[in-house]
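Enquirer: I would like to see how this sequence folds:
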Amino acid sequence: MNESTQLLHVREAFYRRERRSIPLARQFVREALLDWVCGVLVDDVLLCLSELATNALVHGVPPGRGFRVHLSWGHVFRIEVHDSGGGEVQEGAVPAPHAEYGRGLMLVGALADAWGVGERSPGKTVWCEFAASASKLVETGPGAHHLP
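Expert: Numbering: from 1, shown residues only. As a prediction, this is how the structure comes out:
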């Protein structure tokens, strides 16, 4: 199947503004990756998801609301985290050397093939993408799965 005829897979989940939402979102993404056999590094994807979801939870979700994780798989694996609050994303910002926060998006930029911010009303969408590669592991660590 070539890129132009490859099916697009989509999944979406909503999470409340609570700490336990982050591990639930990671499990949601892990299951999609394994079901779709995307050929991306699972640990890199999960770290990026954790950063985007945590940023939404801490900076972008007003009390009483939540955030949405939207996944798509076509020619790339794309994660979108939608929130309904303010909170600006500082693209390209470099934290002070002794700052305790502010390195999450630097990690996303280093691990993902692309990332960015989109407007929505209310709030914003922060996304990242990972290109598939037959040489990448679907799962890392003991019992790793390789693409056929």
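Enquirer: what about the residue positioned nearest the centre of the chain, distance to Gly118?
Expert: With distances taken as Cα atoms, centre = their mean, the residue of the chain nearest its centroid is Leu49 (3.2 Å). The gap separating Leu49 from Gly118 is 17 Å, by Cβ to Cβ, to the nearest Å. Every residue, glycine included, has its C-beta placed from N, CA and C.
Enquirer: still on that earlier bit, check which helix or strand covers the residue nearest to the centre of the chain.
Expert: Per DSSP states H and E, Leu49 falls inside helix 42-55.
Enquirer: tell me the buried residues in that helix?
Expert: 42, 44-55 (16 or more other Cβ atoms under 10 Å).
Enquirer: tell me if Arg19 really is in a helix.
Expert: No - read with DSSP: H, G, I helix; E, B strand; the rest coil, Arg19 is coil and lies in no helix.
Enquirer: burial count for the closest residue to it other than its chain neighbours?
Expert: Nearest non-adjacent residue to Arg19, counting by Cβ to Cβ, 6 or more residues apart in numbering: Leu57, 7.6 Å away. The criterion is other Cβ atoms under 10 Å. On that basis, Leu57 has 21 neighbouring residues.
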